[in-house]
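Q: Generate coordinates for the sequence data below:
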Amino acid sequence: MTIPTADARTKQFLSIELDHEWEDLALDGTTVVNFLGLFMVSASRRDIILTPRAGYSIQFIQNTNSLHATLFQVASTMQMTFRDAHEDLVRTCLYMDQIPEHIKAALILIKTASNDLLKKLLPYTLRNVDYATSEASTISKPILLRFVQVGKLIDEVVAVLSSTLSGMVSNIDDYYFLSEIEVYAIDVQAKWYQLVELFIKFSDIAELIRKNTKQNFVNPVQQAQNGNGFNIEADRMAHMRTLIPSTITIDQLTHLLRMMADTYANISNEYMITQVAQIGPLLNLQTNSMRTTNHRDLFQKTVAQSVKVARLTLAQRTEFTKADIGRQKEYKDFLLDTVVAA
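A: A predicted model of the protein is given here:
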């Protein structure tokens, strides 16, 4: 018996997501922290006043009188965002665990429960499914907005550095200094927006799960129950054959989001939250030899951490593939058992 696993749109989505793009984006979490560290090492040579262009009103930088204070602000804001995102993604993982279990419970009820018991328990089970998918989707939106807001702060730092640089063309030393730190600021900006892309993916998948579950599982089951579609065994079997492919799709999507969220949460916990809180002293480096040493250490750390993260994401992808094979067998056996029971 062949069981289709997903509609064309979801198959394409899963193919894209497993084409390593999310893995590349996950690398940028550790990289952006190290790049901010490199920015601080270079900026330790001197503090400067940030000068916005004429007519520009500062919106996000708290203290334009000090580049160092601004970099502390960026690091602090990043740390709070990383911490909050970690907590919310742990909650997302819990909901991703719950959704397939609630759906399996609904299928078991449809398969085995008496009509009276089905009428009592199935609506409750469907509400649990609805709640978990809605909460997961809701959680993802504020996380994304927080990352976007940090991006706006970084954008303003880059813009103000550019205008400050334009005003120092007569001083060659200041010009070269600002040119160097502007490059690091742009690097941080680019890596941060890769993280924004990752959280857009989290949000998109969470919303896809909510819509997919509502349209292809919850609504059909509710309609069948309201229309007495589960009263006889033959009708139950017909609905089961329709629901199993949708269930596999939902299971795949929840596993995908859980894998991505859990991987990011682990990376964030090990390499980002604590590390970004510890880079502030880099602004206090007093000698060029200290700067050279810290530059080298940060580059080496970036490479080493990238290798570890790549291995972690590869292991997760391998686990996903194995689980998908097991998933196909599990639902095929479930449907075959139902056929035998009929």
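Q: how about the helices in the protein?
A: In the chain, helices defined by DSSP state H lie at 8-16, 22-43, 67-112, 115-166, 172-213, 219-226, 233-267, 273-277, 288-341, listed in chain order.
Q: Check these for me and report the most buried one.
A: helix 22-43 (a mean of 23; mean count of other Cβ atoms under 10 Å). Heads up, the C-betas are built off the backbone N, CA and C, glycines and all.
Q: Tell me what angle that one forms with helix 115-166.
A: Orientation note: helix 22-43 sits at an angle of 30 degrees relative to helix 115-166 (axes from the mean of the first three to the mean of the last three Cα atoms, to 10 degrees).
Q: what's helix 22-43 packed up against?
A: Taking 3 or more Cβ pairs under 8 Å, 6 or more residues apart in numbering; DSSP states H and E as the contact definition, the neighbouring helices and strands of helix 22-43 are helix 67-112, helix 172-213, helix 233-267, helix 273-277, helix 288-341.
Q: Quick one: closest of the helices of the chain to residue 55.
A: If you check each of the helices of the chain against residue 55 by Cβ to Cβ, helix 115-166 wins as the nearest, at 10.6 Å.
Q: Can you read off the pLDDT for residue 115?
A: At residue 115, the model reports a pLDDT of 89.
Q: Any figure for the gap between it and residue 121?
A: Counting by Cβ to Cβ, to the nearest Å, the gap between residue 115 and residue 121 amounts to 11 Å.
Q: can you check residue 278 too?
A: Residue 278 is 52 Å from residue 121, where distance means Cβ to Cβ.
Q: distance between stretch 91-101 and the chain's centre?
A: For stretch 91-101, the gap between its own C-alpha mean and the chain's C-alpha mean amounts to 15 Å (Cα atoms, centre = their mean, to the nearest Å).
Q: got a list of contacts for it?
A: Residues outside stretch 91-101 that contact it (Cβ atoms under 8 Å, 6 or more residues apart in numbering): 128-129, 132-133, 135-136, 139-140, 202, 206, 209, 213, 250-251, 254-255, 257-258, 261-262, 265.
Q: can you check stretch 167-187 too?
A: Residues outside stretch 167-187 that contact it (Cβ under 8 Å, 6+ apart): 35, 38-39, 42-43, 45-46, 48, 51, 67, 154, 157-158, 161-162, 164-165.
Q: hmm, try it at 7 Å
A: Judged by Cβ atoms under 7 Å, 6 or more residues apart in numbering, the contacts made with stretch 167-187 from elsewhere in the structure are 35, 38-39, 42-43, 45-46, 51, 157-158, 161-162, 164-165.
Q: Relative to residue 109, which of those residues is nearest.
A: Here the nearest of the contacts of stretch 167-187 to residue 109, counting by Cβ to Cβ, is residue 35; it sits at 52.2 Å.
Q: and that closest one, what is it in contact with?
A: Residues touching residue 35, when contacts are defined by Cβ under 7 Å, 6+ apart, comprise 184, 187-188, 191.
Q: can I get these in TSV with distance to residue 71 and pLDDT?
A: Compiled in TSV, the contacts of residue 35 are given as follows (distance: Cβ to Cβ, whole Å; pLDDT from 0 to 100):
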residue	distance to residue 71	pLDDT
184	10	96
187	14	95
188	10	96
191	15	93
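Q: Kindly reformat the residues you listed as TSV and extend each row with distance to residue 77.
A: Shown next, in TSV, are those (distance: Cβ to Cβ, whole Å):
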residue	distance to residue 77
184	17
187	18
188	12
191	15
